[in-house]
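K.L.:
Make a model of this:
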Amino acid sequence: MNLQQLRYFNEIARRGLKISDAADALYTSQPNISKQIKQLEQELGVDVFVRNGKRVVAITEPGKIILDIAQRILQDAENLRQVGQEFHSQDSGHLTIATTHTQARYVLPPVVKQFIRLYPKVKLGLHQGNPTQIAEQVLNGEADIAIATESLTLYDDLVTLPCYEWHHCVVVPPRHPLLEEKKLTLAKIARYPIITYDFAFSGRGKINEAFNMAGIDPNIALTAIDADVIKTYVELGLGIGILAEIAFIPERDRHLRMIGTRHLFKPNTTRIAIRKNEYLRGYAYDFVELFAPHLTREVVAKAMHVPL
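P.N.:
Numbers count the residues shown, from 1 in each chain. Presented below is the predicted three-dimensional model:
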């Protein structure tokens, strides 16, 4: 057997058992992949796929065990390559960050600017998606680091570390009646149509939790995946917005006003996630520390159980 056969097997599993999709992703032909998988099965003495005619319909029980081992081997092979690159060219390479719109738009810009200044030869990529998508990108090796508030802790194969806490706020147009209230309450917020995040984004679960515990059914008129869209529709007078405090910038959002809600909604924790047993280049550790200064190389390496 060889790494190429294991790579083909892994890619078919990743692509929902669609050999044609795996072939396209690996820039090879479907017959070549099928041939290599057959050779792998012959050498191992077991079938890794259940077939219905020429179509792959499932992974066999031994195939699941083999896939798990193959993924570890492929990751170790990638780690070996990274070690070689680390010592050959310490200040150049690639780093891909998978994150949400809020992080990419409001938190990461100064970090990215500083990182590019420190490592001008490193090609930095930002992939945006929902928390589930970005976690899977790291698990699949499509990204090196995930940054999000939700879902990352749900994956056993990811090492997650807390970066910072943030809170929600309410945004309204100028002269909105809520600006006259001495103390904002959930009941007062619920009098108005609410524009806020889609359930998968930016602490939406904490918003739902607060209203549920108060026994209030809010009128969620519109949901969006990013704060810019929320603010746009609040400016149009379609409702009041609930979004992350970090997404409100007074000098830019001059047509809106912010009301604090720290007494109403629980704080949220943004985390980074890295695949277990991943070998990180030195500049990747530096990126993490730029984003969250308390997450030094020593802290991250210890959490990942890897030697410095």
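
K.L.:
right, and the helix or strand after the one helix or strand residue 269 maps to?
P.N.:
In the assignment (DSSP states H and E), residue 269 maps to strand 268-275. Using DSSP H and E, the helix or strand that follows strand 268-275 in sequence is helix 282-291.

K.L.:
Between strand 268-275 and that following helix, find me the angle.
P.N.:
180 degrees (axes from the mean of the first three to the mean of the last three C-alpha atoms, to 10 degrees).

K.L.:
The chain should start at 3 in everything you say after this.
P.N.:
All right, first residue 3 from here; so that's helix 284-293.

K.L.:
what packs against helix 284-293?
P.N.:
Packing partners of helix 284-293 (3 or more C-beta pairs under 8 Å, 6 or more residues apart in numbering; DSSP states H and E): strand 94-101, helix 110-120, strand 147-150, helix 299-306. C-beta coordinates here come from the backbone N, C-alpha and C atoms, glycine included.

K.L.:
Buried residues in that helix, which are they?
P.N.:
285-293 (16 or more other C-beta atoms under 10 Å).

K.L.:
need the contact list for the nearest residue to residue 157 once chain neighbours are set aside.
P.N.:
Sequence neighbours aside, residue 137 is the residue nearest to residue 157 in space, at 5.4 Å (criterion: C-beta to C-beta, 6 or more residues apart in numbering). Shown in contact with residue 137 (C-beta atoms under 8 Å, 6 or more residues apart in numbering): 100, 148, 150, 153-154, 156-157, 160, 275.

K.L.:
cool, residue 50 as well?
P.N.:
11, 39, 42-43, 61-62, 64-65, 68-69.

K.L.:
so what pLDDT did it get?
P.N.:
Residue 50 is assigned 90 on the pLDDT scale.

K.L.:
With residue 56 as the reference, measure out to the nearest residue to it once chain neighbours are set aside.
P.N.:
Among residues not flanking residue 50 along the chain, residue 65 sits closest, at 3.5 Å (C-beta to C-beta, 6+ apart). According to C-beta to C-beta, to the nearest Å, residue 65 stands 17 Å off from residue 56.

K.L.:
same check, this time on residue 168
P.N.:
52 Å.

K.L.:
So which of those two has more stuff around it?
P.N.:
Set side by side, residue 168 and residue 56 show more neighbours around residue 168, with 20 against 8, by other C-beta atoms under 10 Å.
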